[in-house]
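Asker: test case, fold it:
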Amino acid sequence: MEGHNAGMAKMSRIEDAQGKIVKSIDSISKLPASIQKTSARYKLQLDSILDRLKHANYVMGKWMNEFNMDSDLNNMQKRIEYLESEKNKVTKVKDVMVSSLQKADSLLNKKIK
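Answerer: Predicted coordinates for the structure are as follows:
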């Protein structure tokens, strides 16, 4: 559950980052065409990070929906194998979440040149 708890602690930051990115994309779309053109690369990066954040949110939800705490209660060996497998999965989910947030923070703090 440690990986789950660490990932869940990031959920509000992921949602906050998604909101900031959507606002930035919307702001770029309201700029004059010439400035939109010079901001195109930055907008593509924003779009990419937004997709990564959505994916991070999705994989956490998917893992939570599929996780079965009561799996193989009557077979200790299978239960241990299942829980070890789930531990590995949720660690990967947490890593996706942390990585996505790091990239979002870096991009949102970047100055447009």
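
Asker: can we go C-alpha only for contacts and neighbour counts from here?
Answerer: Fine.

Asker: list the buried residues of the helix or strand bottoming out on mean pLDDT in the chain.
Answerer: For the chain, using mean pLDDT, DSSP states H and E, the weakest element among its helices and strands is helix 2-8, scoring a mean of 71. Within helix 2-8, the residues scored as buried using 16 or more other C-alpha atoms under 10 Å are 3, 4, 6, 7, 8.

Asker: let me see the contact set for the second one.
Answerer: Same thing as residue 4. Residues in contact with residue 4 (C-alpha atoms under 8 Å, 6 or more residues apart in numbering) are 90, 91, 94.

Asker: repeat the analysis, applying 10 Å as the threshold.
Answerer: Counting by C-alpha atoms under 10 Å, 6 or more residues apart in numbering, residue 4 touches 60, 63, 64, 87, 89, 90, 91, 93, 94.

Asker: cool, residue 110 as well?
Answerer: By C-alpha under 10 Å, 6+ apart, residue 110 lies in contact with 42, 104.

Asker: and if you look at residue 24?
Answerer: For residue 24, the contacting residues are 18, 42, 43, 46, 108, by C-alpha under 10 Å, 6+ apart.

Asker: repeat that for residue 85.
Answerer: 79, 91.

Asker: which pLDDT value belongs to it?
Answerer: We have a pLDDT of 94 for residue 85.

Asker: report back the residue of this structure that's furthest from centre.
Answerer: Most distant residue from the mean C-alpha position of the chain: residue 74, 35.3 Å away (C-alpha atoms, centre = their mean).
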